[in-house]
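S.K.: Give me coordinates for this.
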Amino acid sequence: MPAAINEPGTYCNHTNQCLPEMKSRSGSHSKTVLVVEDDDHTRVCLSKRLERQGIRPVPADTAQRALDVLDQIPVHAITLDVRLPDMDGFELAQTIRRRHAGRELPIIFIAGKAPRFFKEMCRESGGQYFLRKPYDPDALLLLLKALLAQGQSPR
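M.R.: Below you'll find the model as predicted:
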């Protein structure tokens with residue numbers, strides 16, 4: 001069982017299945033988070049965790065899909081994998097910052113094997129936070145909730 005997705009009563013098991021499938025506690029989603037992750041298992045599990053917390057996840061498995069989503073759907077925050085198949089996460093963050101200049105949009109970078117200089121690259125490319133895999137999913141949820149509670153409205 002991956003340590004990154006472990007919650008009492010619900011978990012992603014060794015066969016990459018997220019169990020059980022649950023609906024949001026509130027039944028509606030007031031905030032939207034773009035989940036940019038090319039690994040299907042990680043993307044689906046994180047999306048389901050967000051849904052259970054009443055946060056609407058919008059998944060994207062490539063940088064281009066993430067950019068398309070941002071052009072069509074207002075989001076409140078982004079979780080961003082550093083290694084994507086079509087563009088690295090740092091370049092994507094810079095593109096997002098250029099295209100959406102002046103918009104307060106928190107970006108949380110998530111990376112597996114991350115050299116020390118990744119944190120600096122995160123800041124330079126417009127990210128506010130950096131988590132190394134395997135990360136504590138509760139810490140990510142607390143961080144997202146804090147960012148979303150700041151009341152930033154998407155434009």
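
S.K.: A strand includes residue 58, no?
M.R.: Yes. Under DSSP: H, G, I helix; E, B strand; the rest coil, residue 58 sits within a strand.

S.K.: Show me the helices in this protein, by range?
M.R.: Ranges of helices within the chain are 40-52, 63-72, 89-99, 117-124, 137-149, based on DSSP state H.

S.K.: and the angle from the fourth one to helix 89-99?
M.R.: It stands for helix 117-124. 10 degrees (axes from the mean of the first three to the mean of the last three C-alpha atoms, to 10 degrees).

S.K.: what's the answer for the second one, then?
M.R.: For the pair helix 63-72 and helix 89-99, the angle between their directions (the same axes, to 10 degrees) equals 20 degrees.

S.K.: now what about helix 63-72, what contacts it?
M.R.: Contact with helix 63-72 is made by 34, 36, 58, 60, 75, 78, 80, 84, 86-87, 89, 91-92, 95-96, 99-100, as judged by C-beta atoms under 8 Å, 6 or more residues apart in numbering. C-beta here means a position set from N, CA and C on the backbone, and glycine is covered the same way.

S.K.: Contacts for stretch 104-114, please.
M.R.: Contacts for stretch 104-114 (C-beta under 8 Å, 6+ apart): 37, 75-83, 89, 93, 96, 118, 122, 126-133, 135, 140, 143-144, 147, 152, 154.

S.K.: ignore the last one, stretch 125-141
M.R.: Identification of contacts with stretch 125-141 by C-beta under 8 Å, 6+ apart yields 2-7, 46, 49-50, 53, 79-80, 89-91, 93-94, 96-97, 106-112, 114, 118-119, 122, 143.

S.K.: of these, buried ones?
M.R.: Burial by neighbour count, 16 or more other C-beta atoms under 10 Å: within the contacts of stretch 125-141 this picks out 2, 4-5, 46, 49-50, 53, 79-80, 89-90, 93-94, 96-97, 106-111, 114, 118-119, 122, 143.

S.K.: Pull out the buried members of the contacts of stretch 104-114.
M.R.: Applying 16+ other C-beta under 10 Å to these flags 37, 75-82, 89, 93, 96, 118, 122, 126-127, 129-131, 133, 135, 140, 143-144, 147 as buried.
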